[in-house]
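**Q** Need a 3D model of the sequence below.
(chains A, B, C and D, ligands or ions: 6)
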Amino acid sequence: MILDSAWVVAWLTAAADAIAEQAPTLNELDREIGDGDHGENMNRGFEAVRAALGDGAGGSTPSEVLRAAAMKLISSIGGAAGPLYGTAFLRASDAVSGRDELGSRDVVELIDAALRGIEERGHAVPGDKTMVDAWSAAATAARAASESGGDAREVLQAAAGGAEQGAASTDALLPHKGRASYLGERAVGHRDPGAVSTAVILRAAAEAAA
Amino acid sequence: MILDSAWVVAWLTAAADAIAEQAPTLNELDREIGDGDHGENMNRGFEAVRAALGDGAGGSTPSEVLRAAAMKLISSIGGAAGPLYGTAFLRASDAVSGRDELGSRDVVELIDAALRGIEERGHAVPGDKTMVDAWSAAATAARAASESGGDAREVLQAAAGGAEQGAASTDALLPHKGRASYLGERAVGHRDPGAVSTAVILRAAAEAAA
Amino acid sequence: MKKLVNDPRRFVAESLAGFARAHHDLVRVNASPVYVVRSTPGNGKVAVLSGGGSGHEPLHAGYVGIGMLDAAVPGEIFTSPTPDPILAATREVDQGAGVLYLVKNYTGDVLNFETAAEFAAAEGILVRTVIIDDDVAVLDSEFTAGRRGVAGTVLIEKLVGAAAERGDDLDSLAGLAERLVASVRSMGVAIASPTVPHSGRQSFELAADEIEFGIGIHGERGRSRIGMARADELTDLALDAVLEDLPRLPGERVIAMVNGMGATPGAELYVVYRRMAERLQGIGVEIARSLVGSYVTALDMAGFSVTLLTVDDGLIELWDAPVLTPTLRWGA
Amino acid sequence: MKKLVNDPRRFVAESLAGFARAHHDLVRVNASPVYVVRSTPGNGKVAVLSGGGSGHEPLHAGYVGIGMLDAAVPGEIFTSPTPDPILAATREVDQGAGVLYLVKNYTGDVLNFETAAEFAAAEGILVRTVIIDDDVAVLDSEFTAGRRGVAGTVLIEKLVGAAAERGDDLDSLAGLAERLVASVRSMGVAIASPTVPHSGRQSFELAADEIEFGIGIHGERGRSRIGMARADELTDLALDAVLEDLPRLPGERVIAMVNGMGATPGAELYVVYRRMAERLQGIGVEIARSLVGSYVTALDMAGFSVTLLTVDDGLIELWDAPVLTPTLRWGA
Ligand SMILES: Nc1ncnc2c1ncn2[C@@H]1O[C@H](COP(=O)(O)OP(=O)(O)O)[C@@H](O)[C@H]1O
Ligand SMILES: Nc1ncnc2c1ncn2[C@@H]1O[C@H](COP(=O)(O)OP(=O)(O)O)[C@@H](O)[C@H]1O
Ligand SMILES: [Mg+2]
Ligand SMILES: [Mg+2]
Ligand SMILES: [Mg+2]
Ligand SMILES: [Mg+2]
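**A** Ligands and ions are numbered 1, 2, ... in the order given. Modelled structure (predicted):
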């Protein structure tokens, strides 16, 4: 499949499906080191996006669809994840504006922009045990795949794999941001829910392109 | 032992010991069909009596000691049992006033007076599943023992046995007075705590005379 | 369930001590015998006194103050106070105009207040007693101890207290209280049992899907054990029981109360109130005033009760009259 | 634990609907987007707005009214509201003098209010934001999200609300709020976990002899898990943590608060208050005013928090100033 606006719609729809399915797991992870609502929040957000896309919102370019989704996420997720994912998708939209189809380099820039957006909004850096760990691992893997000549689909596969590794890497980390940071040592050994939802979303992106 | 004021003191002391020991059982019975405090209430009352007797309160005749105990019970038990047992001991005191030693007929009158006092205060009749069932069975047994020539000690034994049977008889009864009456049918099969505490107190009277 | 207590036998005394420190501007707590009086005695008015077992906080001590109770006499947990503290409080608050006892209908309370009233009369203090029995869960027949006094007690204490502050005499206050008792009904539901401090045991065990319907405020089991249901269904059950029993005319006005049993958060009580208000609107009963919160509790029992009191303009005026107590405050 | 709910996803909406019906004389609840405003707008004054996840009732909606908040914006359970309702409420309450956001320090609240403030500024509405972080359980370091905003929030909302009613301008109100944040500290203990409606699961499991020390108000686990202890010991633990951290001088005055977490009866809170008052007296700290009750909760969590705010005559005057809200009422 070519990565046009239809792909973004397919991605967001696949993400909505996957988040709905994973919501209980995300709630449970958040219950361990947060307040137990991450799955609830993400599900509310992506169902809102799904509904908006159904109403033909979105647009004719990837950038327009991503912007429409960002707005929905900001206005429906709430909590910490809402502004963070909202900013991520806004920046991703900016990064690919004007293009009708995305190539491998565009995908790298899309993910990079999302990562930078989250870092700027939340002031977290890799290693703080947040979704940033998943996004940054995804960005690194995506860039590597693209530089070694991978096509857009391969870059998305790499990003998804990177995000999953980044999420897994949070188990060992001491939290420095978000609610988990209240627990300090007690949070070590637990996986960050936002990093996991990031991996779920990027895996959906890869599958939508497959 | 002759039934003089020393016997009343011995009786009340034995009753205080027995109530203290039975308090958890009485709480438990009351938990089933009341509010779970009967043992607590009776224990508070008889410990107050014990303390008063220790301070040399009481007096030189059975009647005086019984009156002192009645006052303590009224001012320390509270709940339904307080005024009822208080009245019982007041009337018992009146019934034997003036005598230094009690014979079998005096014992019968003492128990009769206590029963009538409780019935007048609480408006319960035998069969209502209250302490009245224990007192009335005790009174009947005491009268029978006295009429068949039993001495005071034998009359007290009979009263104690009667009270125990009266208490056991409450199991099958439908409650018409006190908290248990709120439960109606749900209280059937449970023993009335006040009837049990009555049996405990009258058994102590018999043992103090033995 | 765990509790914030030290020695369970000192629970009532220590809680009152904290209450006294927190509200010394409004009330004075007498340590022995235990009773609570307002710090500024109303001059020359009839005194309104209530009391009963502890464990129902803020009832009754939380309602002592200007425009409500002159004295509250708390007993041990779920145990009526003995006559002594009732008598001592009566002596302190009587100003010659007499004292009105508002007594919840429990054998223990009735007998102990009766005894205190006899002693007070012997001392020449005018005492009238009105028995409150608003709980429709209990069959009101000669084969029971009669209906229990529950959440409606707060409404009666507020209205009668306002009339006393206004200067009504003892007989008219007793008459008012009796009219109020005739026009108030309550029904309660428990979704979790309380635990009595001295026993540390739950008063009754409930499975995750069971509740007690028609409970009192002492951890007694209820009229029946039924399955857990949605808030709206539980509200309907309780409200229907009240409506069936409340003498009323369509188009009439009520004070509507949703009372929490001690461990139920306010947010849940508003879910119940929402349903009750919709239902009443549906049958043309106007809610003139409302009260939603944990006002008459049973230790840490979870659940709620609904109470309706039919009112007219005169009663609404009394309801709106200034009240200044640790728990209820308005207009002052 | 069982709850009085219908559809868990409708819990916040239905509870607010009941709240709106019960308090229509004081507040108006906007259904979509969801926010609560006082029914009588203060004319020309600076508007004070707060909000955050639901589940902390009566915070914040219960404090909307004369002399306290002009608007409250409740999110889903334990989830910060999104920028839209914050912006909509901001538009409604702004009277040209600007709007002060009082925000509890949680990443979600901070980011969503920040976003709303940017939108509001773009529309030419003056907005100042003050972050409240009174919870000493959390290490205040760059390695954490910083301290949480907990029970102290109520004290700040009352005092700043009174100053706004008095007519203070936006900058001085922000300055006052910052001074208050610097002089308030809280510490909390959970003896039983809350249950989040949508999951139906307890946020943490505690054995009968365990408690969580240093908890927040979202069912997060605390700083540490320790053994259950007597009320006085638990009070000392919490109070010591507060005293260690609170910048203070001997002989100074405080507003002292014992807050219930949702399922803890008031009678137990007074046991805690008793101990706290004795301890403070012992070290020569005068309790100028006090607040004991469930004012900032975590659904049906059981436990308490203690809060101290150092005050002077000026602040006591603001505390005593009239307040007329569904939850706090005096002088009006
Ligand atoms: N400052 C931050 N920077 C980046 N990500 C963050 C930050 N704070 C929180 N997060 C992410 O947000 C997730 C929690 O989201 P969610 O549970 O929906 O919000 P809340 O914590 O408000 O309940 C965390 O797992 C973490 O990945
Ligand atoms: N009207 C009555 N007449 C006689 N005995 C009664 C009456 N009401 C209650 N009782 C007795 O009192 C007992 C309960 O006493 P207690 O538990 O101490 O008081 P309360 O019911 O106030 O908690 C009952 O078991 C019953 O025997
Ligand atoms: Mg969360
Ligand atoms: Mg009892
Ligand atoms: Mg009792
Ligand atoms: Mg949250």
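
**Q** Tell me how confident the model is about stretch A:159-172, as a mean pLDDT.
**A** For stretch A:159-172, mean pLDDT is 98.

**Q** touching chain D at all, it?
**A** No: applying CB under 8 Å from any CB of the partner chain, one finds stretch A:159-172 out of contact with chain D, separated by at least 15.5 Å. All C-beta atoms are positioned from the backbone trio N, CA, C, and that covers glycine.

**Q** who touches that stretch?
**A** By CB atoms under 8 Å, 6 or more residues apart in numbering or on different chains, the surrounding residues in contact with stretch A:159-172 are A:107, A:111, A:129-130, A:133-142, A:145, A:188-192, A:195-196, A:198-199, A:202-203, A:205-206.

**Q** Flag every buried residue along stretch A:19-28.
**A** A:19, A:22-23, A:25-27 (16 or more other CB atoms under 10 Å in any protein chain shown).

**Q** want to throw those into CSV with distance to D:Ala302, pLDDT and secondary structure?
**A** Below are the buried residues of stretch A:19-28 laid out as CSV (distance: CB to CB, whole Å; pLDDT from 0 to 100; DSSP: H, G, I helix; E, B strand; the rest coil):
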residue, distance to D:Ala302, pLDDT, secondary structure
A:Ile19, 33, 98, helix
A:Gln22, 32, 98, helix
A:Ala23, 28, 97, helix
A:Thr25, 28, 97, helix
A:Leu26, 27, 97, helix
A:Asn27, 22, 94, helix
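
**Q** Out of those residues, which is nearest to ligand 6?
**A** Comparing the buried residues of stretch A:19-28 against ligand 6 with CB to the ion places A:Asn27 closest, at 10.4 Å.

**Q** pLDDT wise, what is the closest residue to the closest one other than its chain neighbours at?
**A** Excluding the flanking residues, the one nearest A:Asn27 by CB to CB, 6 or more residues apart in numbering or on different chains is A:Gly39, at 3.9 Å. On the pLDDT scale, A:Gly39 is placed at 96.

**Q** Please give me every residue in contact with A:Gly39.
**A** Contacts of A:Gly39 by CB under 8 Å, 6+ apart are A:19, A:22-28, A:30, A:193, A:197.

**Q** likewise A:Gly117?
**A** A:87-88, A:90-92.

**Q** quick one: low-confidence parts of chain A?
**A** A:57 (pLDDT under 70).

**Q** those helices in it, which residues are they?
**A** A:5-33, A:38-54, A:62-76, A:81-95, A:104-122, A:131-147, A:152-169, A:193-209 (DSSP state H).

**Q** okay, those in CSV with distance to D:Ser39 next?
**A** Output for those, formatted as CSV (distance: least, CB to CB, whole Å):
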stretch, distance to D:Ser39
helix A:5-33, 37
helix A:38-54, 30
helix A:62-76, 27
helix A:81-95, 30
helix A:104-122, 36
helix A:131-147, 41
helix A:152-169, 48
helix A:193-209, 39
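
**Q** can you tell which of the ones you listed is closest to ligand 6?
**A** With CB to the ion, the closest approach to ligand 6 among the helices of chain A belongs to helix A:38-54: 6.7 Å.

**Q** How about the closest one and ligand 1, touching?
**A** Yes: remark: helix A:38-54 sits within contact range of ligand 1 at A:38, A:41, by CB under 6 Å from any ligand atom.

**Q** For that helix, C-alpha coordinates in PDB please.
**A** Below are the C-alpha coordinates for helix A:38-54, written out as PDB (Å, rounded to 0.1, in the frame of the first residue of the first chain):
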ATOM      1  CA  HIS A  38      -4.400   5.000  30.600                       C
ATOM      2  CA  GLY A  39      -6.300   2.400  28.600                       C
ATOM      3  CA  GLU A  40      -9.500   4.200  29.300                       C
ATOM      4  CA  ASN A  41      -8.100   7.500  28.200                       C
ATOM      5  CA  MET A  42      -6.500   6.200  25.000                       C
ATOM      6  CA  ASN A  43      -9.600   4.300  24.100                       C
ATOM      7  CA  ARG A  44     -11.800   7.300  24.600                       C
ATOM      8  CA  GLY A  45      -9.400   9.300  22.400                       C
ATOM      9  CA  PHE A  46      -9.000   6.900  19.500                       C
ATOM     10  CA  GLU A  47     -12.700   6.100  19.400                       C
ATOM     11  CA  ALA A  48     -13.300   9.900  19.000                       C
ATOM     12  CA  VAL A  49     -10.800   9.800  16.200                       C
ATOM     13  CA  ARG A  50     -12.500   6.800  14.600                       C
ATOM     14  CA  ALA A  51     -15.800   8.600  14.800                       C
ATOM     15  CA  ALA A  52     -14.400  11.800  13.300                       C
ATOM     16  CA  LEU A  53     -12.900   9.900  10.400                       C
ATOM     17  CA  GLY A  54     -16.200   8.100   9.900                       C
END
